[in-house]
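*Asks:* 3D model of this:
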Amino acid sequence: LAKAAKAAWEAGSEFEPVVRGDDEVTAVLFTSGSTGTPKGSMFTESLMRPSAGNTVVVPLVRFAFQSFDPTFVLSLLSTMRLGQVRIFASSMANMRRDLEIARPTNLGAAPSFWASLYNEYRAKTVELMADGGLGRAEAAAAAGAAVKASLGNRLMVATSGGAPLSEQVAEFAKQVLGIDLVNLYGSRETGGIARDGVVYPGIEVHLEPLAEELLGDVAAGSVSVGEIYVHSPRLIPGYWGNAEATAERFVDLHGDGRLFYKTGDIGETFVDSESGRISVRIVDRVASCIKLVSGEWIAPAAIESAL
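*Replies:* Model (predicted):
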């Protein structure tokens, strides 16, 4: 950012650029508030720079379903770095119509969107079998083609994040729609944590033991489950004007000065015996667990899985 501002100044801009150090706070991006009052995440100059590792397709036409998001400035900088086209939906209600018009090659959306496509595909398959007299294979192929066309017929790469993505939906996107759908896990505070469950290099995941009564319901006795704490090179320095929340969520686990962010997610980790790579799976959220009058803890995710 500093280099861009300096270049603009040297090109004849009437404004003198403000050059910031890498550790100076450049922006305050608020959290969604899904787990409480929105908090202002402080982003330093270095954190505002786009990170590497983007999947590039040609042409790169990225579709955003939100007209504005606190992280827009980050995605815009990424757009500029890769030379891509960024398109915004006119509204959530018109998103599907806009997708047909924009014909994106890259799309990021919540698991609920991908689940809705899967349900649409299944319903269309049944409809074509009942009313069109088609066999299951023919009906499924036609239904898949219809859903793919509704997305513009050239979507190649996509991401899902914000909540777990079911295996059935992920398989549908890849096999039926031909989309390389990646399930991302991360947070405003840490940046990316894992891709398709595999923890990124440089990220350290720690499982903090859960209360014994909570562990019994959520983990069914598994000692490998705990609250996910994350140390990341892209960890924010804290929350703007909220020292109490910063002290609560960012902790020095080992007394060595390295801070870990308490994600509030309950998960488990696995180590690949051959590659040594660590994978993480989200089980639930600490705040989602409900304590009954009997004192028993219930995890909604366990109920959803049973259903």
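
*Asks:* so residue 227 sits in a strand?
*Replies:* Yes: Residue 227 sits within a strand when classified using DSSP: H, G, I helix; E, B strand; the rest coil.

*Asks:* for it, what are its contacts?
*Replies:* 207, 208, 210, 262, 263, 264, 265, 266, 267, 286 (C-beta atoms under 8 Å, 6 or more residues apart in numbering). From N, CA and C alone the C-beta is placed, and that goes for glycine too.

*Asks:* mean confidence for the top helix by length along the chain?
*Replies:* Looking across the chain with DSSP state H, the single longest helix is helix 111-131. Mean pLDDT, helix 111-131: 94.

*Asks:* low-confidence ranges in the stretch 151-300 of the chain?
*Replies:* Scanning the stretch 151-300 of the chain for pLDDT under 70 picks out the ranges 211-223, 287-300.

*Asks:* quick revisit: identify the residues contacting the longest helix of the chain?
*Replies:* 65, 134-136, 138-140, 142-144, 146-147, 151, 160-166, 168-170, 172-173, 176-177, 181.

*Asks:* just the buried subset of those residues, please.
*Replies:* Those of those that meet the buried threshold are 65, 134, 139-140, 143-144, 147, 151, 160-162, 164-165, 169-170, 172-173, 176-177, 181, by 16 or more other C-beta atoms under 10 Å.

*Asks:* still on that earlier bit, please narrow the contacts of residue 227 to those residing in strands.
*Replies:* Applying DSSP state E to the contacts of residue 227, the entries found in strands are 207, 208, 262, 263, 264, 265, 266, 267.

*Asks:* in a markdown table: these, plus neighbour count and distance to residue 100.
*Replies:* Below are those laid out as a markdown table (neighbours: other C-beta atoms under 10 Å; distance: C-beta to C-beta, whole Å):
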| residue | neighbour count | distance to residue 100 |
| --- | --- | --- |
| 207 | 17 | 44 |
| 208 | 15 | 46 |
| 262 | 18 | 42 |
| 263 | 24 | 37 |
| 264 | 17 | 37 |
| 265 | 22 | 35 |
| 266 | 26 | 39 |
| 267 | 24 | 37 |
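
*Asks:* now these as TSV including distance to residue 247?
*Replies:* TSV is the format used below for the ones in strands among the contacts of residue 227 (distance: C-beta to C-beta, whole Å):
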residue	distance to residue 247
207	21
208	16
262	11
263	16
264	16
265	20
266	22
267	23
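
*Asks:* with just CA atoms, put stretch 157-176 into PDB.
*Replies:* Provided in PDB are the C-alpha atoms of stretch 157-176 (Å, rounded to 0.1, in the frame of the first residue of the first chain):
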ATOM      1  CA  VAL A 157     -13.400 -22.900  -9.000                       C
ATOM      2  CA  ALA A 158     -15.400 -22.100  -5.900                       C
ATOM      3  CA  THR A 159     -15.000 -21.900  -2.200                       C
ATOM      4  CA  SER A 160     -17.300 -22.600   0.800                       C
ATOM      5  CA  GLY A 161     -16.700 -21.300   4.200                       C
ATOM      6  CA  GLY A 162     -18.300 -20.000   7.400                       C
ATOM      7  CA  ALA A 163     -19.700 -23.400   8.500                       C
ATOM      8  CA  PRO A 164     -19.100 -27.100   7.800                       C
ATOM      9  CA  LEU A 165     -19.900 -28.400   4.300                       C
ATOM     10  CA  SER A 166     -21.400 -31.800   4.000                       C
ATOM     11  CA  GLU A 167     -19.600 -34.500   2.000                       C
ATOM     12  CA  GLN A 168     -22.700 -35.200  -0.200                       C
ATOM     13  CA  VAL A 169     -22.900 -31.500  -1.200                       C
ATOM     14  CA  ALA A 170     -19.200 -31.300  -1.900                       C
ATOM     15  CA  GLU A 171     -19.200 -34.400  -4.000                       C
ATOM     16  CA  PHE A 172     -22.300 -33.100  -6.000                       C
ATOM     17  CA  ALA A 173     -20.500 -29.900  -6.800                       C
ATOM     18  CA  LYS A 174     -17.400 -31.700  -8.000                       C
ATOM     19  CA  GLN A 175     -18.900 -34.700  -9.800                       C
ATOM     20  CA  VAL A 176     -22.200 -33.200 -11.200                       C
END
